[in-house]
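J.: Sequence and predicted structure, then a few things I'm wondering about:
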Amino acid sequence: MEAVRWSRQLIPTLREVPQEAEIPSHQLLLRAGLIRKLGAGLYTFLPFGLRALRKVERIVREEMNRAGALEILMPALHPKEIWEQTGRFEVLKDVIFKIRDRQDRALVLGPTHEEIVTDLVAHEVSSYRQLPLNLYQIQMKFRDEIRPRFGLMRAKEFIMKDAYSFDADDAGADESYRKMYDAYQRIFRRCGLRTKIVEADTGAMGGSSSHEFMVLADAGEDGLVECDTCSYAANLERAESVLRAPPAFEGVGRAVEKVSTPGLRSVEEVSGFFQSPPSRLIKTLIYVADGQPVAALVPGNRDVNEIKLRRALGTKTLILADPVTIERVTGAPVGFAGPVGLKIPVHADLKLRGYRGAITGANQADAHIRHVDLERDARVTAYADFSYAMEGDGCPRCPGMLRTRRGIEVGHVFKLGTKYSELLGAMYLGADGQKKPCIMGCYGIGVTRTLQAVIEQSHDDQGIIWPVPVAPAEVEVLLINEQHEASVRAAEKLVAELEEVGLEVLYDERAERPGVKFKDADLLGLPLRINVGERGLAKGAFEVRVRQSGETLMIPMESIVESICAQLAELRRARGAEEQG
RNA sequence: CGGGGCGUAGCUCAGUCUGGUAGAGCGUCAGCUUUGGGAGCUGAAAGUCACGCGUUCAAAUCGCGUCGCCCCGACCA
């Protein structure tokens, strides 16, 4: 095989940080010459970016196959009708790219494939003997994101591995789910990623149970909580939490008192005026749920989690009321709503249970009331958990405390039930002769996002530090002086020997100064680098530099291949061990 | 969609307030020199100053409009 020579490759490294990139992984993808932008959320993979991507894909394939899933490839273009059959064209209309062919037929660019795979199975599966079945593909998805950002992290088109399981009964579906859950752990571990598995909301997908695989990173787009004591962890959209002790405020037992608060609308303004912590306020938000106004109450220091609130209310739609509605419902302009005397249903967050001595709006312009005892003074329709969990809240499962983190969602597994199989007719005939819908699960991995997450989690201020299994090549041979003939001969022989034992080698023989090549090597971040120069040759040795640790070793020329293989094995092993811990 | 920022050479940016005909560093090309952490010297190429309309004797610079990109928010599988 012809050696991969840097001078014959396209690895356009950048000395400076491109203006377009904010977070480390995005900057490094560009600076290391792995990707280039075409437009917002649209990227070209350059040769070395593609090599790393293929490595991730290979790991995903191997583990999916090992778990018994079958690879297929579905179309990216879908007739619009199939999306209308499940009602998801309406649900997803904002993110679906819609196009028309020359016959003016409506098509969409597939944002996901539940409908397509279910339609396939509806046609091809008819007996319980064909189940369980798990079909997957690795393919480009298209989503008209509201805001693409951070390079590959949230793009308009991205590569996804999506798998869909079909089972005859719940026990089988649970087993399929578990297999995928296990496979995902193996996949991310092999990619060198530390992931946190969290309970998640099922969102537009529908279904019952769901877990997300999160890569912890400050630049992550998702919030999550984890318990410092037990294994509880959840996406912030879903996270439950408890207040250990109801707060005790002064003024408990006294009668409600109206206080003039001209122009003070926000929690900050009001709590400042009363010299009270924001948690003492009861924040009252007016929503319109399925067309009906409702009040939602949360402690003043917390925000309403609308996903949890909608679930608690059991409504399809939930939007914050407009100022006109608020004034009509509360009798006061925005900023002075309170639960006392409201004529609409009042839903209170669980953390407000037992709130006494609280402050809230008076439902009258420029006035608040204090000494409010929620039970005594207001008619609360129902209590439910619909505020966002916060750092320091109690764990819902144990006496521990919750911490908040940020993460990148790289994988998501769902139990879907029979929603799609019923709508699209994916039925099978059971042993009992009964026709039943397949029980489905779906399982996604953002492949391109995973690649970026690896970089986000594994870099230093000099560049990328590739985990061996996903590195675009395993070893870089760096020729220090391309005009020194003995060095050239030694380097080329070395490259040939390394390739002989099956290693992937990048040979930097460019006519550049050593410093340039060193900097580029650190930036590109291949696990091991061998410097070939006069200094080492004089001692009959090669200088090996380990990217991760930064340590430099002098290895005798005769044992170099053996040493490199051993060190790569060690690097793989160390990463794996880290995962166990 | 709301808020903010930006758009000048391949990249990073100055010049815009106060209008006078295009700049720097890096990169590229040629040559010399140099070769262990982004060298030095000499020379060269390279920009319809995002686009359009307007104001003006004169527009990168002022006005209006459009497009693109980035960030924050809302949203999100």
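T.: Perfect, thanks for sending it. Numbering: from 1, shown residues only, chains lettered A, B, ... in the order given.
J.: In this model residue A:81 seems to touch residue A:107, though I could be wrong.
T.: No. Taking CB atoms under 8 Å as the definition, residue A:107 is not a contact partner of residue A:81, at 9.9 Å. Using the backbone N, CA and C atoms, a C-beta is placed for each residue, glycine as well.
J.: what about those two, which has more around it?
T.: Neighbours per residue (other CB atoms under 10 Å) separate residue A:107 from residue A:81, with residue A:107 holding more: 17 against 13.
J.: and for the worst-scoring helix or strand of chain A on mean pLDDT, what are the contacting residues?
T.: When each helix and strand of chain A is scored by mean pLDDT, DSSP states H and E, strand A:318-320 comes last, with a mean of 82. Strand A:318-320 is touched from outside by A:285, A:286, A:287, A:288, A:289, A:306, A:309, A:310, with contacts defined as CB atoms under 8 Å, 6 or more residues apart in numbering.
J.: Out of the residues you listed, give me the two with the largest separation.
T.: A:286 and A:310 (14.8 Å; CB to CB).
J.: When the two are compared, which one has more neighbours?
T.: Neighbour totals were compared for residue A:286 and residue A:310, and residue A:286 leads with 22 against 18 (other CB under 10 Å).
J.: quick one, domains of chain A?
T.: According to automatic domain parsing, chain A comprises the domains A:8-239+A:404-456, A:257-384, A:473-580.
J.: got the buried residues for the longest strand seen in chain A?
T.: Using DSSP state E, we find that the single longest strand of chain A is strand A:402-417. The neighbour-count check on strand A:402-417 (16 or more other CB atoms under 10 Å) flags A:402, A:404-417 as buried.
J.: and it, which strands flank it?
T.: The pairing partners recorded for strand A:402-417 under DSSP bridges are strand A:210-216 (antiparallel), strand A:222-227 (antiparallel), strand A:439-446 (antiparallel).
J.: now the first one, how far from the chain's geometric center?
T.: A distance of 6 Å separates the centroid of the chain from that of strand A:210-216, by CA atoms, centre = their mean, to the nearest Å.
J.: what's residue A:562 sitting at in phi/psi?
T.: Main-chain torsions, residue A:562, degrees, to the nearest 10: phi -60, psi -40.
J.: What is the neighbour count of it?
T.: 11.
J.: Name the nearest residue to the residue of the stretch 251-400 of chain A found nearest RNA strand B, ignoring sequence neighbours.
T.: Per CB to the nearest atom of the strand, residue A:306 is where the stretch 251-400 of chain A lies closest to RNA strand B, at 5.3 Å. Nearest non-adjacent residue to residue A:306, counting by CB to CB, 6 or more residues apart in numbering: residue A:318, 5.8 Å away.
J.: Residue A:498 is in what secondary structure piece?
T.: According to DSSP states H and E, residue A:498 maps onto helix A:485-500.
J.: average model confidence for that helix?
T.: Mean pLDDT, computed over helix A:485-500, is 96.
J.: hmm, it touching RNA strand B?
T.: No. Applying CB under 7 Å from any atom of the strand, one finds helix A:485-500 out of contact with RNA strand B, separated by at least 8.2 Å.
J.: Give the buried residues for that helix.
T.: A:487, A:490, A:491, A:492, A:494, A:495, A:498, A:499.
J.: Correct me if wrong: residue A:575 contacts residue A:466.
T.: No. With contact defined as CB under 8 Å, residue A:575 does not count as touching residue A:466 (10.6 Å).
J.: Specify the beta-bridge partners of residue A:79.
T.: residue A:107.
J.: Save the strands paired with strand A:402-417 as JSON lines, and put in distance to RNA strand B and mean pLDDT too.
T.: What follows is the strands paired with strand A:402-417, written out as JSON lines (distance: least, CB to the nearest atom of the strand, whole Å; pLDDT from 0 to 100):
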{"stretch": "strand A:210-216", "distance to RNA strand B": "7", "mean pLDDT": "93"}
{"stretch": "strand A:222-227", "distance to RNA strand B": "7", "mean pLDDT": "91"}
{"stretch": "strand A:439-446", "distance to RNA strand B": "6", "mean pLDDT": "96"}
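J.: Packed most tightly, which of these would that be?
T.: strand A:439-446 (a mean of 26; mean count of other CB atoms under 10 Å).
J.: what about the next helix or strand after that strand, average pLDDT?
T.: The helix or strand immediately downstream of strand A:439-446 is helix A:447-457, counting by DSSP H and E. The predicted model assigns helix A:447-457 a mean pLDDT of 95.
J.: how much space between the nearest residue to residue A:99 once chain neighbours are set aside and residue A:147?
T.: Excluding its sequence neighbours, the residue lying closest to residue A:99 (CB to CB, 6+ apart) is residue A:107, at 5.2 Å. Residue A:107 sits at a distance of 25 Å from residue A:147 (criterion: CB to CB, to the nearest Å).
J.: Write out the residues of the stretch 251-400 of chain A neighbouring RNA strand B.
T.: A:306, A:307.
J.: residues touching the residue nearest to residue A:384 when sequence neighbours are not counted, list them.
T.: Spatially, and ignoring its direct neighbours in sequence, residue A:384 is nearest to residue A:312 (3.7 Å; CB to CB, 6+ apart). By CB under 8 Å, 6+ apart, the residues touching residue A:312 are A:347, A:382, A:384, A:385, A:386.
J.: Could you check how far the last one is from residue A:377?
T.: Think residue A:386. 21 Å.
J.: Show me which of these two is the more surrounded one.
T.: Between residue A:386 and residue A:377, counted using other CB under 10 Å, residue A:386 has the larger neighbour count: 25 against 18.
J.: my guess is the more buried one meets residue A:352, correct?
T.: No. Under the criterion of CB under 8 Å, residue A:386 is not in contact with residue A:352, lying 10.6 Å apart.
J.: what residues do those two have in common as contacts?
T.: Residues touching both residue A:386 and residue A:352 (CB under 8 Å, 6+ apart): residue A:298.
J.: what's the first-to-last distance across stretch A:518-530?
T.: With CA to CA, to the nearest Å as the measure, stretch A:518-530 spans 11 Å from end to end.
J.: Check stretch A:437-451 too.
T.: 37 Å.
J.: how far is it from where the chain is centred?
T.: The answer for stretch A:437-451 is 12 Å, by CA atoms, centre = their mean.
J.: Equivalent analysis for stretch A:550-559, please.
T.: Worked out by CA atoms, centre = their mean, stretch A:550-559 lies 40 Å from the chain centre.
J.: What helix or strand is residue A:139 located in?
T.: Judged by DSSP H and E, residue A:139 forms part of strand A:133-142.
J.: Now that strand: buried residues?
T.: Quick answer for strand A:133-142 (16+ other CB under 10 Å): A:133, A:134, A:135, A:136, A:137, A:138, A:139, A:141, A:142.
J.: any idea which helix or strand comes after the helix holding residue A:498?
T.: Later in the chain than helix A:485-500, the nearest helix or strand by DSSP H and E is strand A:505-508.
J.: Just checking: what are the partner strands of that following strand?
T.: Strand A:505-508 has these strand partners (DSSP bridges): strand A:4-5 (parallel), strand A:475-479 (parallel).
J.: How much space separates residue A:246 from RNA strand B?
T.: Using CB to the nearest atom of the strand, to the nearest Å, residue A:246 is found at 28 Å from RNA strand B.
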